[in-house]
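*Asks:* sequence first, then the predicted structure:
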Amino acid sequence: METLTLGKALNMGLRRAMEDDNKVLIMGEDVGKLGGVFRITDGLQKDFGDERVIDTPLAEAGIVGTAIGLALRGYRPVVEIQFDGFVYPAYDQIVCQVAKLHYRSQGKVKLPMVIRIPFGGGIGAVEHHSESPEAYFAHTAGLKVVACSNPADAYWMIQQAVASDDPIVFFEPKRRYWEKGEVDTSTTLSSAYPLHASRVVRPGTDATVLAYGPMVRTALDAATAAAEDGRSLEVIDLRSLSPLDMAPVFESVRRTGRAVVVHEAAGNLGMGAELAARISEECFYSLEAPVLRVTGYDIPYPASRVEEEFLPDLDRVLDAVDRSFGW
């Protein structure tokens, strides 16, 4: 076991993927010499050379477009979008090409590429640096979308994403890059927890709290606070947003009778709406209260000086749990 930050775990996972397969390339703005603005790719260009860790122009459509061509020719490009709000110039490439080529070719063409996106707020950044665009991509057929929340998952999930023959949008919770956890780096990729499976990260009996990415820590903190008041919250880390692994969610909600979904993105048409719909369809007669959502507000991401008023926090999660018990 090693104690790693989430950012270092991603770095080590990428390094291991590059060591295992010389077709793995990394591309993005400042990923090489600088090692990325969050230093996720620090040291990789030095060790693997500038033909495998490539500093690109500031042109997201060009970065993703080039990666598509490389993937079609047998490489496994890992593209870094420097900040979440910078992905939109590449949106056409991702939705119209990355997501469609396998289907368009009747399965004859594979597109093994990973699009890494640091997402979410909480770092005091300026406009376009703190957004949560995951619903756009989870809604797009042909893409797989995942979000890590802790160092162990970061280390293994990035390797699993690189090894996949499907295009994967890989969301990284930037506010959690510096949080530490235990990572077992001695095992093999084949023994890692499945990439597209959700996981119960804290068992409980009274209500189910669903989260992913940066909000998993918030949900766990809320569960710890609720325990002091005698309430047992079960916390599930969704991990995969497309496809969703709903079996553990349904099993949990049928036991607890209550569900609260937490995410930073705006509530309107967000992941919480899809989760609430699926839970209501499958667990209707087990529910003791409506499925509730704790989300960002339906406004553009605010200035950093007031972002803590926008982001879901422990108190808002606990308030939703209280309202669930009030029905």
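*Replies:* Happy to help now that I have it.
*Asks:* against residue 230, how distant is residue 176?
*Replies:* 29 Å (CB to CB, to the nearest Å). Heads up, the C-betas are built off the backbone N, CA and C, glycines and all.
*Asks:* and what of residue 286?
*Replies:* 22 Å.
*Asks:* and if you look at residue 276?
*Replies:* Per CB to CB, residue 276 is found 26 Å from residue 230.
*Asks:* before we move on, the earlier item: more neighbours: residue 286 and residue 230, which one.
*Replies:* Comparing residue 286 with residue 230 by other CB atoms under 10 Å, the one with more neighbours is residue 286, at 15 against 7.
*Asks:* if I read this right, that one contacts residue 253, doesn't it?
*Replies:* Yes: contact criterion CB atoms under 8 Å: residue 286 and residue 253 qualify, at 6.3 Å.
*Asks:* I'd guessed residue 184 sits against residue 152; true?
*Replies:* Yes: using CB under 8 Å as the test, residue 184 is close enough to residue 152 to be in contact (7.2 Å).
*Asks:* between these two, which one's more packed in?
*Replies:* A count of neighbours by other CB under 10 Å puts residue 152 above the other of residue 184 and residue 152, at 21 against 12.
*Asks:* how about the contacts made by that one?
*Replies:* 9, 181, 182, 183, 184 (CB atoms under 8 Å, 6 or more residues apart in numbering).
*Asks:* how about the helices of the stretch 151-300 of the chain, start to end?
*Replies:* 151-163, 215-228, 247-256, 271-283 (DSSP state H, counting those that start in this stretch).
*Asks:* between those, which one is nearest to residue 127?
*Replies:* helix 215-228 (21.7 Å; CB to CB).
*Asks:* who's in contact with the closest one?
*Replies:* By CB under 8 Å, 6+ apart, helix 215-228 touches 149-150, 176, 179, 201-202, 204, 209-211, 232-235, 237, 262-264, 312-314, 317-318, 321.
*Asks:* tell me which entries of the residues you listed lie within strands.
*Replies:* Applying DSSP state E to these, the entries found in strands are 201, 202, 209, 210, 211, 233, 234, 235, 237, 262, 263, 264.
*Asks:* what's the domain layout of this protein?
*Replies:* The record's domain parsing of the chain by automatic domain parsing lists 2-191, 199-325.
*Asks:* and those as a markdown table, adding mean pLDDT?
*Replies:* Formatted as a markdown table, these follow (pLDDT from 0 to 100):
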| stretch | mean pLDDT |
| --- | --- |
| domain 2-191 | 97 |
| domain 199-325 | 97 |
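*Asks:* what is the neighbour count of the closest residue to residue 16 other than its chain neighbours?
*Replies:* Excluding its sequence neighbours, the residue lying closest to residue 16 (CB to CB, 6 or more residues apart in numbering) is residue 159, at 6.0 Å. Neighbour count of residue 159, defined by other CB under 10 Å: 22.
*Asks:* which ones are touching residue 159?
*Replies:* Going by CB under 8 Å, 6+ apart, residue 159 touches 13, 16, 17, 189, 192.
*Asks:* just residue 128 next, same as before
*Replies:* Counting by CB under 8 Å, 6+ apart, residue 128 touches 83, 84, 85, 86.
*Asks:* any idea how far the third one is from residue 97?
*Replies:* The spacing between residue 85 and residue 97, counted by CB to CB, is 21 Å.
*Asks:* again, but for the last one
*Replies:* Summarising the geometry, the distance separating residue 86 from residue 97, computed by CB to CB, is 18 Å.
*Asks:* list the residues that contact the residue nearest to residue 163 when sequence neighbours are not counted.
*Replies:* If the residues on either side of it in the chain are set aside, residue 163 comes closest to residue 189, at 6.6 Å by CB to CB, 6+ apart. When contacts are counted by CB under 8 Å, 6+ apart, residue 189 touches 156, 159, 160, 163.
*Asks:* again with residue 110
*Replies:* By CB under 8 Å, 6+ apart, the residues touching residue 110 are 71, 102, 165, 166.
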